[in-house]
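Asks: one predicted model, sequence on top.
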2 protein chains.
Amino acid sequence: MTEQPLRADDSELRGLLDGRWAHVRERARDLLQGEDFAPVNGLSMEDHRTLTTERLAKLAETGMQTYGFPEEVGGSGDVGASVVAFEMLVSDLSLMVKMGVQWGLFGGAINALGTERHHREYLPGVMSLDIPGCFAMTETGHGSDVQSLRTTATYDPKTEEFVVHTPDESARKDYIGNAARDGRMAVVFAQLQSAGIDHGVHALMVPIRNDDGSAAPGVTIEDCGPKAGLNGVDNGRLWFDQVRVPRTNLLNKYGDVGPDGAYTSPIESKNRRFFTMLGTLIRGRISVAGGAGSAAKAALTIAVRYADTRRQFTRPAADGEPEREVRILDYLAHQRKLLPALARSYALHFAQEELVTRLHELYGDEERDPHDQRELESRAAGLKAMSTWHATETIQMAREACGGAGYLAENRIPQLKADSDIFTTFEGDNTVLLQQLTKGLLTNFQDAFGDLDQMGLARFMANKVFETVIERTAAVPLIDRLVAAAPGRSGNTSLYNRGWQLELLEDREKHVVEGLASRIRRAKKDGSDGFEVFNHAQDHVLRAGRVHMERVVLEAFVAGIDRCGDTSTAKLLNRVCDLYVMSVIEEDRAWFLEHERLSTARAKQVTAAVNELCRGLRPYAVQLVDAFGLRDEWLAAPIALGREHDRQGDPVPERGQG
Amino acid sequence: MTEQPLRADDSELRGLLDGRWAHVRERARDLLQGEDFAPVNGLSMEDHRTLTTERLAKLAETGMQTYGFPEEVGGSGDVGASVVAFEMLVSDLSLMVKMGVQWGLFGGAINALGTERHHREYLPGVMSLDIPGCFAMTETGHGSDVQSLRTTATYDPKTEEFVVHTPDESARKDYIGNAARDGRMAVVFAQLQSAGIDHGVHALMVPIRNDDGSAAPGVTIEDCGPKAGLNGVDNGRLWFDQVRVPRTNLLNKYGDVGPDGAYTSPIESKNRRFFTMLGTLIRGRISVAGGAGSAAKAALTIAVRYADTRRQFTRPAADGEPEREVRILDYLAHQRKLLPALARSYALHFAQEELVTRLHELYGDEERDPHDQRELESRAAGLKAMSTWHATETIQMAREACGGAGYLAENRIPQLKADSDIFTTFEGDNTVLLQQLTKGLLTNFQDAFGDLDQMGLARFMANKVFETVIERTAAVPLIDRLVAAAPGRSGNTSLYNRGWQLELLEDREKHVVEGLASRIRRAKKDGSDGFEVFNHAQDHVLRAGRVHMERVVLEAFVAGIDRCGDTSTAKLLNRVCDLYVMSVIEEDRAWFLEHERLSTARAKQVTAAVNELCRGLRPYAVQLVDAFGLRDEWLAAPIALGREHDRQGDPVPERGQG
C-alpha cells in the first residue's frame, strides 16, 4: 500500500459506477425531484397507500416504466434500463416496490409468458396504469415451493373457459402487492388441468375487481394489513370460488389449451417447462438485488456523512492547538462498522452491473444457450441473496452508527430498514436461493434440474458424474492473467496481491464444492437416506453458495476497476477492493486456518490489514459515498445534510448535485 | 451426549427460569391480561401515544410500579422486583419504555440523587402519575459523553435560585421520553456553577409544563416526531432560557449548594462524584438488558412455534407412509437460525437473573465496597450490550425465519424489532459500554477511574502496575471445582466437558486482556501518542469486553443449572448450555486456531457439535420457548397460536397458560 494521498476524480468515479446505463441514472436524477418523489414518513397506512398510488401515476407520466416493454407496444425493449430505473427509486421504497409489482411482475409476466395477442391487449394499459394489476403467485401454504401451489385452473370445453379455484385455505393467494386496494386484473398462477390431466403451474389473466372497485364475482379479497414497512403498497389475499375466464386468458407462450381441451407445449417435460417459465421471470429477482443495493448505499451515505461531522469525546490537544472533540469516523471501531460495508457495497455494485448486462444480453434471445440461462439464474439467485443480506446488515449497522439520530424517522434510516427488510424474503427466500445456486454449481447437466426440492439434488449427486466448473463471466483474460501471475501459497506474498487474493477465493470455492459433492456421494454409497444426507449437509450447501458468490463478486470488482480510465481513481478503487477482500477473508479466516490456506501469523495479518485499510480509506469515505450519486433530496436526512456541521461550527462542505 | 430421549419437567423449567422473583412474574402474568395490555399495531403516532398514556395509568392502578420505591413513601423497596416487573411488559414495548421513563429514570433519579425532602415531595406523585416526568440527561451534542454536556445551572445567591440555561444548539436536551406530550417536571442534568466555580454535572428538578399543558416560562419544547418504533412514547427536545428554580430543587445527595452559594459534597473528587452519581442510575441499564431479553424471547417463541408447524417442500415417503411436507424446523439450516439463539437466550437469562440479584443486594447499602460497585457497573454495561445486540440479531433472524408472515404486523415480530432497535443505543451505546467494561477489566484501582474517555485508560495503562483479575460471581466453588477437574488442553477431552469449556473461555479472556494491556504499555513506552495507541487497539478493546462477557454468561448458566432440582430437566439444560458454548466457540474459532487453543481437527468438530446439538434439541424447542412463560395473548401472533396447525390439518397442541 502506498502512503501517498490519493486524488480520485469525482466524475471518473461517478461515471464508472453509473456504467452502461448512465443515461438512465441521469434521467432518473433529473426526473425524480421535488415534492412528488421526496421521502415521506409518519403517514397512516391509508394515506401512504393513496400517496403511493398517486406517485405511481406521476411516475407513469415520466415514461420511465416503458423501458422494459417491447417496442411493438410502445416500449423501448431495454430490459437493462428497466432494472436500473427500478433501483433509482431509493427516495421512496414503497413506490419502488409498487412500480415493481405493476410493471415488473404483472406487466413482466404478461410480456414473458403471454403471446402477441396478450401484449397487444394488455401491455399499453399496463404501462399507462389503465390496468392496475397483481402478480398472484405466492400462496399462504406455498411461498418457496411454487411448484406445489394448489390453486387450480380447470378447463371446461363446453364453455371454452378456465375455472379458477382456491381449493382450501392454504391455497389462498397471499402477500399479493396491489391486491388490497388498486388491482383490477391479476396474473394468477395455478395448476392447469384439462381433460383430467394435470399440466403443472401456468399463469392466467383473471379480473379481480369490477369497474367500481368492488371484488369481481367469485373473488374474495382481504387486506394483509399493516406491515413492518412498505406500507404504501397494498398487499392482500385472494380467494377464487369457481371463477370463469375465457380460454384465451391463458398466458400461452409455454403451454396452450385448444378449444377442445387438447394441451400443447413447446417444452415436453412438465418439469423443464415449469423452470423455463420461472426462468423468464428472473428480472424481478435481479431488480430486488439492485433495489437492496440502493437502500444500503443510501444508509451508508447518511451514516458516513454523519460520522464525518459528528464529534464525541475529547482528544487531548497537541502542542499549541485547541482541544477538540473527535469526529466519530476517526475511531477505528466506527471505521470498522462502516468502511468494510462500504467496500462491499462497491463490490456488489459492480457485480450487479455485470448481472444486469448479462440479463440484458440474453433477454429475448430465443436461441439462448440453456447453459447461459442456467448460469444467469444461479447468479441472480446468489446475488439477490448476497445483496439483500448485505442491505439488512448494513442498514442495521448504520442505524446503530447514527445512535439516537438514526432512530428518528426524519433521518430516513428507519424507513430504509423497515422497507427493505422483506427483500431477503420476497422474490425468493435467501436460504432457498443459496441452495438453488449450489445446485447449479454441482451440475452441468440440464436434465438433472429435476425439481427444486432437496431430494432432486441428493438423487442427482448419487447417480451422475460430478464436475465442478469454476466459471468466470467477468473479464476472463484479465482474471486468468492475474491468477496465473499469483505467486502461489507461499507465506511471503503481499496480502494485497490481487492474483493471490483471486486464487485464494477460487481455491476455497473449489474445495468447498468438491467436498460437498464427495460428502453426499459417500453418504449415498453407504445407503443413507437421501433427505437426511442432504439435510445434514445443509450448512455446507449454504456455505458453498456463499463462497461462490464472494469469488464472483470479487471478479466483478476487479473487472470494474479495469474499466477505469484514470490511474489515481483506479488506485483508490484498488484499496477499496483490498478492503472488500480482506474483510471477506477475515470473516471466514477460521475456514482458511482449518484448511491450512492461511498460517496463524498470516491470519492475524489479515485482521491488521483490515484495520490498516480502514484507516487509509477514512479520508476518502465521503467521496466514496457521494460517488453513488444519490441526490441530497433522496437522502433527506438532516444529519446527512449539514445539520451536524452547523452544530459543531465546522464549515459545511460544498457538494455538487448529481 | 446421551441419545436417550429427555423428559424435562415443564414446571421445574418454568420455576428455574422464573427464579427469585417468580412471584413478580406470576403477578405480571395475572395482571397483564385483556384488552388493556394486548399488543397493538397500525395506530397513528397520536393515537398510539394516547393509548400508551392511558395504559400507563392502568398500570399504575396495579401497584406494580411501586416495587422500586422506598417503603417510607409507600413503595416496597424491592429493586430486583422493579427490574423484573419492567421486563414482563413484553406485550407492549412502548408501555415498557414509558414505564421505564416515568418510574425507572425520572422516579429513580429523584430516589437515587435526591434526599428525603425530595422523596417526600415528589415520589408519591411520581408513583401515582400525578407528576409525569422526564429524565433530561442526553443532549443532542452529547449522548455518550455525558460528562461534557453543556446545559448550565448557575446559582444566584441573591434570589437563592438556580438559573438553568441552554447555551447553544448542541446543548438542547434530545430524545427525552415523556417530553413531547406528557411530562410536567424534568430531572435536568446540568453543569452546576456557583460563585464562578464549575462543580460538574448535577441534577435538578425543573418544571417544564404549566398545569394547562403549555410549556413553562423559558422552556421550549419540540417533538422528535415519528421514530422507527416506540411511537407510543413521546420523545421530545427541551431548551431552557434562563429558567429559574428554587435552590432546593437541586437533587442534593451527592452535592449541595448552601443559601450563600457554598458548595459541599460528601465526595471530594469531581470526577469520582460524577461517576458515583451515574453509578446510582445503573438500574436503567440493567432493566434495558432484561427488556431486550424479553423481546428476543417473544420473537423466538413465535418463530419456533411457527417453524414447528409450518411445512414446506416434500420429503419422499418412507415405505407404506403417505408423502408429507417437511416441518421447517426439521431442516438443519432452520435449526441453525433458531436454536443457537435460543440457547443464548437461556444463557443470558441466567446472567440477567444473577445481575439483578447483585444489584438488589448492593442497592441501598451505603457502605458497599467500591470494588463491588465497580464490578456491578461493569457487568451491567457488558450485559446490556450483549443482551441488546442479541435481541437485535435474534429478532431480525426470527423475521426472516418466518418469511412473509414475519413481515406482517399482526405477527408481532415487526414491532418487536422496531421497538427494541434503539435498545443497543439508549442507556449507553453498546460500543461505548464495552469499552467501559474493558476499562474495568484492566484495573483494580478505583483512583484510576479518571474519566470515561479513551485517554484516561491509555494514560492509566502506561503508568500503573497491571493486574488482571478474573472474577467469578456465580457459584464460585462449583466453577472452581469444574475448572480444576478439567483435563487440560489435550485434544482428547470431550467437547462437552464443562470444565474444559469453562477453562477455554477463561483462558481466552486472560490472553486477550493481558495482550491488550501489554500492547498499550509497549506502544506507550515507544512514546506513541496515547490517543492513537488506544484507537489503534480499539477492535482489541471491544473483543476483550465481549470475551469477558461470554465467560461470565457461561458461568451464570452453569450456576443456574446447578440450582435445578430435577435431573432430567438439568440434563436438557446441560445440552442447551453445550449449544451455547459450542456456538460461542464456533463463532470465534478463528481466534482459538490463531492462538493454538484448538487444533484444526478440533475446530471442525466444534462445527459438527453445533449441528449435532441442534438436531438433538430440535424435539425440545417448543418446550424450551414455552418455558419462558410468555402468555399467548402477549405474543398475539396468529402464526404462533395454531393458525398454521389449522392450515396443515395437524392437531393443535394443548398448551397451559402461565
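Replies: Nice, I can see it. Residues are numbered from 1 along each chain as shown, chains lettered A, B, ... in the order given.
Asks: can you pull the contacts of the residue in the stretch 401-550 of chain A positioned nearest to chain B?
Replies: Chain B sits closest to residue A:414 of the stretch 401-550 of chain A, with a gap of 3.3 Å, by C-beta to the nearest C-beta. From N, CA and C alone the C-beta is placed, and that goes for glycine too. Counting by C-beta atoms under 8 Å, 6 or more residues apart in numbering or on different chains, residue A:414 touches A:41, A:399, A:406-408, B:227-229, B:418, B:421.
Asks: for it, give me the pLDDT.
Replies: According to the prediction, residue A:414 has pLDDT 98.
Asks: worst-scoring helix or strand of chain A, pLDDT-wise?
Replies: helix A:454-463 (a mean of 47; mean pLDDT, DSSP states H and E).
Asks: where does chain A have low pLDDT?
Replies: A:1-4, A:444-475, A:488-491, A:644-649, A:651-658 (pLDDT under 70).
Asks: close to chain B: what parts of the stretch 301-450 of chain A are there?
Replies: Contact residues (C-beta under 8 Å from any C-beta of the partner chain) of the stretch 301-450 of chain A with chain B: A:311-316, A:325-326, A:330-334, A:336, A:392, A:396, A:399-400, A:403-404, A:406-410, A:413-414, A:417-418, A:421-422, A:424-426, A:429-431.
Asks: out of the contacts of residue A:414, the closest to residue B:27 would be?
Replies: residue B:229 (27.0 Å; C-beta to C-beta).
Asks: what's the nearest residue to the closest one if we skip its chain neighbours?
Replies: What sits nearest to residue B:229 in space, not counting adjacent residues and going by C-beta to C-beta, 6 or more residues apart in numbering or on different chains, is residue B:418, at 3.0 Å.
Asks: shouldn't residue A:40 be in contact with residue A:91?
Replies: No - assessed by C-beta atoms under 8 Å, residue A:40 is found out of contact with residue A:91, at 9.2 Å.
Asks: so for the two, which residue has more residues nearby?
Replies: Per other C-beta atoms under 10 Å in any protein chain shown, whichever of residue A:40 and residue A:91 has more neighbours is residue A:91, with 25 against 20.
Asks: distance of that one relative to residue B:279?
Replies: As for residue A:91, its distance to residue B:279 is 46 Å (criterion: C-beta to C-beta, to the nearest Å).
Asks: relative to its centroid, which residue of chain A is most remote?
Replies: Relative to the centre of chain A, the most outlying C-alpha is that of residue A:320, 52.3 Å out, by C-alpha atoms, centre = their mean.
Asks: ok, the most centrally placed residue in chain A - contacts?
Replies: In chain A, the residue lying closest to the centroid (C-alpha atoms, centre = their mean) is residue A:289, at 1.3 Å. Residues near residue A:289 by C-beta under 8 Å, 6+ apart: A:348, A:352, A:355, A:380, A:383-384, A:386-388.
Asks: picking that back up, are any of the residues of the stretch 301-450 of chain A next to chain B buried, and which?
Replies: Neighbour-count burial (16 or more other C-beta atoms under 10 Å in any protein chain shown) applied to these gives A:311-315, A:325-326, A:330-334, A:336, A:392, A:396, A:399-400, A:403-404, A:406-410, A:413-414, A:417-418, A:421-422, A:424-426, A:429-431.
Asks: for residue A:273, which non-adjacent residue is closest in space?
Replies: residue A:267 (4.1 Å).
Asks: that neighbour belongs to a strand?
Replies: No - read with DSSP: H, G, I helix; E, B strand; the rest coil, residue A:267 is coil and lies in no strand.
Asks: how many neighbouring residues does it have?
Replies: 14.
Asks: distance of it from residue A:200?
Replies: When residue A:267 is compared with residue A:200 (using C-beta to C-beta), they lie 10 Å apart.
Asks: what parts of the stretch 101-250 of chain A come near chain B?
Replies: Contact residues (C-beta under 8 Å from any C-beta) of the stretch 101-250 of chain A with chain B: A:138, A:140-145, A:148, A:169-170, A:174-175, A:224-229.
Asks: is the residue nearest to the centre of chain A in a helix, a strand, or coil?
Replies: Strictly by three-state DSSP, residue A:289 counts as helix.
Asks: against chain B, how distant is it?
Replies: 16 Å (C-beta to the nearest C-beta, to the nearest Å).
Asks: how close does that residue sit to residue B:22?
Replies: Counting by C-beta to C-beta - residue A:289 and residue B:22 are separated by 50 Å.
Asks: one step back: from the residues of the stretch 101-250 of chain A next to chain B, which ones fall inside strands?
Replies: When those are checked against strands (DSSP state E), the matches are A:174-175.
Asks: what subset of the residues of the stretch 101-250 of chain A next to chain B is buried?
Replies: Neighbour-count burial within those applies to A:138, A:140-145, A:148, A:170, A:174-175, A:224, A:226-229; the criterion is 16+ other C-beta under 10 Å.
Asks: for the stretch 151-300 of chain A, which segments count as strands?
Replies: With DSSP state E, counting those that start in this stretch as the criterion, the stretch 151-300 of chain A has strands at A:152-156, A:161-165, A:173-176, A:185-194, A:197-207, A:219-223, A:236-240, A:243-246, A:256-257, A:263-264.
Asks: could you tell me which residues of the stretch 501-650 of chain A lie near chain B?
Replies: Counting by C-beta under 8 Å from any C-beta, the stretch 501-650 of chain A sits next to chain B at A:530-531, A:535-536, A:538-539, A:542, A:589-590, A:593-596, A:600, A:603-604, A:607, A:611, A:646-648.
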